[in-house]
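S.K.: Whatever this is, show me its structure:
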Amino acid sequence: MMKLPQILQRVAHEFPNRAGITFEGKTRTWSDVLQRCEQLAGGLRELGLKEGDRLAILSHNSSAMAELFYGPLWLGVVPVPLNWRWTKVELTPCLGDCEPAALVVDAENVEIARELVRLCSSIQTLIYVGDGDVPNGFVDYEAVLRSGERISDCPFGGDDLAAIVYTGGTTGRSKGVMLSHSNLYVNAMNHLEFDAVGVGYSIILSGPMFHISAICRLYIHTFMDVHMLILPQFDALDLMENVQKYQVTSLILISAMAALLLDHPRYSEFDLSSLRKINYGAAPMPPSLIKRLQNAFPGVGFFHGYGATEASGVISTLPAQDHHLEGAAAKRLRSVGKPAPYIELRIVDDKGEEVAPDVVGEIVIRGPNVMLGYRNMPEETAKVLRKGWYHTGDAGYRDEDNYVYLVDRMKDMIISGGENIYSVEVERAIDLHPAVRQCAVIGRPDEKWGEVVHAVISLEPGLTVTEEELIAHCHEYIAGYKCPKVLSIWDALPLSGAGKLQKNEIRDRINAQEKPR
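M.R.: I've put the predicted structure just below:
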């Protein structure tokens, strides 16, 4: 039976004195990390947490954050990372859905935690994982570790729940993706086929650990004995300083991160020659930016990953040997590569029948990495898990060589700076403004962010609204990164004969840079 704690136990047994995790200048060996995770399990048991309980986490990245994805699993307690960028309005439904017994927060989230605990009656304990004095009403994280005896035996694994990860949705609230031990274990095994393994390898993790792309990396790089350097959040200067200091071999970037790195005024001051590999994904990366990266880091291998929370991480990968900007193979750079080893991928029509190569359809997958389902959402689960296949909602095709190409997002999802944004959620916030008659939200291609949120509206007769006013209005209901960055005001939005918004026409007009009327 696949058990996530066994990944850590194995590497700590085989390489006890190798560097495992570094955070803010402090490095812990794999043996140290294992000891702290087993102590955390004992401490949580002393607090009264038990099998099946949920442990919500609202914190920036840290070594403790990494421990929270291991320690609770020895008890059968389920970690639930929450997006610290979300507002109270967005967080409250998630807490009501997962009903956590405890909430872990860092210094930046103490005040919102006080509000959330009043709104969520299931929370019995607040755990403080920050520096400085422990706030009133909170239990110190380090004290929790010291309070119990180490637990070394983990009876949980396989299809037992290992994490609930909330992802944006179009159904009124976020969906809690339930991932098992086997789901995340198999995703880690997938990376063994194409990622770096062994002594001397290191990687910087700066993506937020409430995203599956960062969560799964904890298990992947433990599995591969790769030294993980964790940053609280992405900062180009901090990243370059750490690459130089620790001779880091690997990075994970999205378009926005890569642009900020290359454009940083102090970029030329640092020795980044230790880098051997750069992984990128989440947001589309323009070929012009890939060319800049290749010129800046000659000899570095570039890997592109396409994935989903519901797939526990990766679905397909485009390896370094397919990163050609010229020649016949250059077309592969537009693809998301080939399916990962333990994943079966098909392109199907609206009847679920597989289509021929080069024919566009929906991307569906199956395999042991596919989620258990959405928490408390049987109808939504049934929509996407059909006859053993997970329906991604992404439109694409595959060529004769089995490379997969994305052409659109059936669910109108926008990816901006690595964040998944659903247009319906933004449209719902915009619709609440009294001056708005109609609205449509699309993703507009952007060199830096991959895409930006572009809102197109028509106005109620006699009313007006400025771009600044509408964005400020949206900030009351949704996180800042979801709010529109650009606003167009048209006399009317195009509708189909059935009265539905024609987003394709809107996209065409916006992409053609037609001036709003």
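
S.K.: all strands for the stretch 251-400 of the chain, in order.
M.R.: 277-281, 301-308, 313-318, 338-339, 344-348, 361-366, 373-374, 385-386, 389-398 (DSSP state E, counting those that start in this stretch).

S.K.: Among those strands, show me which one is buried the most.
M.R.: strand 313-318 (a mean of 26; mean count of other Cβ atoms under 10 Å). All C-beta atoms are positioned from the backbone trio N, CA, C, and that covers glycine.

S.K.: got the end-to-end distance for stretch 117-137?
M.R.: 11 Å (Cα to Cα, to the nearest Å).

S.K.: I'd like the average pLDDT over that stretch.
M.R.: Stretch 117-137 carries an average pLDDT of 95.

S.K.: And for stretch 27-35?
M.R.: 98.

S.K.: Stretch 48-57 now?
M.R.: Computed over stretch 48-57, the average pLDDT equals 98.

S.K.: what's that stretch in contact with?
M.R.: 44, 65, 68, 72, 75-82, 95, 98-105, 123-125, 156, 164, 210 (Cβ atoms under 8 Å, 6 or more residues apart in numbering).

S.K.: Spell out which residues make up each domain of the protein.
M.R.: 4-233, 303-361+372-409, 413-511 (automatic domain parsing).

S.K.: chain center to the second one, what's the gap?
M.R.: If I follow you right, that is domain 303-361+372-409. Relative to its chain's centre, domain 303-361+372-409 lies at 17 Å (Cα atoms, centre = their mean, to the nearest Å).

S.K.: Ok, stretch 290-305 next?
M.R.: 22 Å.

S.K.: which other residues reach that stretch?
M.R.: 194-195, 213, 258, 262, 272, 275-281, 285, 314, 316-320, 323, 325, 333, 336-337.

S.K.: let's go with 7 Å and repeat that
M.R.: 194, 258, 262, 275-281, 314, 317-320, 323, 325, 336-337 (Cβ atoms under 7 Å, 6 or more residues apart in numbering).

S.K.: How about stretch 215-225?
M.R.: By Cβ under 7 Å, 6+ apart, stretch 215-225 touches 4, 7-8, 11, 15, 18, 66, 69, 81, 163, 165, 184, 187-188, 191-192, 195, 197-199, 203, 205, 209, 228, 312-313.

S.K.: Using PDB, write out every CA atom in that stretch.
M.R.: Written as PDB, here are the backbone C-alpha positions of stretch 215-225 (Å, rounded to 0.1, in the frame of the first residue of the first chain):
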ATOM      1  CA  ILE A 215       2.300  20.700  -2.800                       C
ATOM      2  CA  CYS A 216       3.200  17.800  -5.000                       C
ATOM      3  CA  ARG A 217       6.800  19.000  -5.300                       C
ATOM      4  CA  LEU A 218       7.300  18.300  -1.600                       C
ATOM      5  CA  TYR A 219       6.600  14.600  -2.200                       C
ATOM      6  CA  ILE A 220       8.400  14.500  -5.600                       C
ATOM      7  CA  HIS A 221      11.700  15.900  -4.300                       C
ATOM      8  CA  THR A 222      11.700  13.900  -1.100                       C
ATOM      9  CA  PHE A 223      11.200  10.800  -3.200                       C
ATOM     10  CA  MET A 224      14.200  11.900  -5.300                       C
ATOM     11  CA  ASP A 225      16.500  13.000  -2.500                       C
END
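
S.K.: Would you mark the buried spots in the helix or strand that contains residue 424?
M.R.: Element membership for residue 424, per DSSP states H and E: helix 423-431. Buried residues in helix 423-431, counted by 16 or more other Cβ atoms under 10 Å: 423, 425, 426, 427, 428, 429, 430.

S.K.: Equivalent analysis for stretch 476-490, please.
M.R.: 477-479, 481-490.

S.K.: quick one, phi psi at the spatially most central residue of the chain?
M.R.: Nearest to the geometric centre of the chain sits residue 211, at 2.7 Å (Cα atoms, centre = their mean). With angles defined as degrees, to the nearest 10, residue 211 sits at phi -100, psi 150.

S.K.: May I see the strands of the stretch 251-400 of the chain organised as a markdown table, with distance to residue 117 added?
M.R.: Supplementary listing: those in a markdown table, determined by distance: least, Cβ to Cβ, whole Å:
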| stretch | distance to residue 117 |
| --- | --- |
| strand 277-281 | 35 |
| strand 301-308 | 32 |
| strand 313-318 | 31 |
| strand 338-339 | 43 |
| strand 344-348 | 43 |
| strand 361-366 | 39 |
| strand 373-374 | 25 |
| strand 385-386 | 34 |
| strand 389-398 | 35 |
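
S.K.: Let me have the ones you listed in a markdown table, adding mean pLDDT as columns.
M.R.: Converted to a markdown table, the strands of the stretch 251-400 of the chain look like this (pLDDT from 0 to 100):
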| stretch | mean pLDDT |
| --- | --- |
| strand 277-281 | 89 |
| strand 301-308 | 91 |
| strand 313-318 | 93 |
| strand 338-339 | 94 |
| strand 344-348 | 97 |
| strand 361-366 | 95 |
| strand 373-374 | 98 |
| strand 385-386 | 97 |
| strand 389-398 | 92 |
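
S.K.: Pull the contacting residues for residue 238.
M.R.: residue 231.

S.K.: Would you mark the buried spots in the helix or strand where it lies?
M.R.: When elements are assigned from DSSP H and E, residue 238 belongs to helix 236-246. For helix 236-246, the neighbour count (16+ other Cβ under 10 Å) marks 236, 239, 240, 242, 243, 246 as buried.

S.K.: Is the second one in contact with residue 203, as I believe?
M.R.: No - using Cβ atoms under 7 Å, residue 239 is not in contact with residue 203; the gap is 11.4 Å.

S.K.: What is the burial count for residue 151?
M.R.: Residue 151 has 19 neighbouring residues, counting by other Cβ atoms under 10 Å.

S.K.: Run a quick check on residue 243 versus residue 272, I expect a contact.
M.R.: Yes - using Cβ under 7 Å, residue 243 makes contact with residue 272 at a distance of 5.2 Å.

S.K.: Residue 455 is in contact with residue 484, isn't it?
M.R.: Yes - Residue 455 is in contact with residue 484 according to Cβ under 7 Å; the separation is 3.9 Å.

S.K.: Residues in contact with both of these two, list them for me.
M.R.: Between them, residue 455 and residue 484 share the contacting residues residue 441, judged by Cβ under 7 Å, 6+ apart.

S.K.: So, low pLDDT: which residues of the stretch 51-200 of the chain?
M.R.: Counting by pLDDT under 70, the ranges of the stretch 51-200 of the chain that qualify are 168-172, 193-198.

S.K.: returning to that earlier point: so which of the contacts of stretch 215-225 sit within helices?
M.R.: 4, 7, 8, 11, 66, 184, 187, 188, 191 (DSSP state H).

S.K.: and which of those is nearest residue 116?
M.R.: Comparing the ones in helices among the contacts of stretch 215-225 against residue 116 with Cβ to Cβ places residue 66 closest, at 22.9 Å.

S.K.: mind listing what the closest one touches?
M.R.: 21, 218, 230.

S.K.: pLDDT of the strand or helix carrying the second one, averaged?
M.R.: By that I understand residue 218. Using DSSP H and E, residue 218 sits in helix 212-223. On average, the pLDDT along helix 212-223 is 95.

S.K.: Give me the angle between that helix and strand 301-308.
M.R.: 120 degrees (axes from the mean of the first three to the mean of the last three Cα atoms, to 10 degrees).

S.K.: Number the residues from 865 up from this point.
M.R.: Sure, I'll start numbering at 865, so the last one becomes helix 1076-1087.

S.K.: residues of helix 1076-1087 that come out buried?
M.R.: So, applying 16+ other Cβ under 10 Å, buried residues of helix 1076-1087: 1076, 1077, 1078, 1079, 1080, 1081, 1082, 1083, 1084, 1085, 1086, 1087.

S.K.: got it, and stretch 981-989?
M.R.: For stretch 981-989, burial by neighbour count (16+ other Cβ under 10 Å) applies to 981, 984, 986, 987, 989.

S.K.: from those residues, which is closest to residue 1271?
M.R.: residue 984 (41.0 Å).
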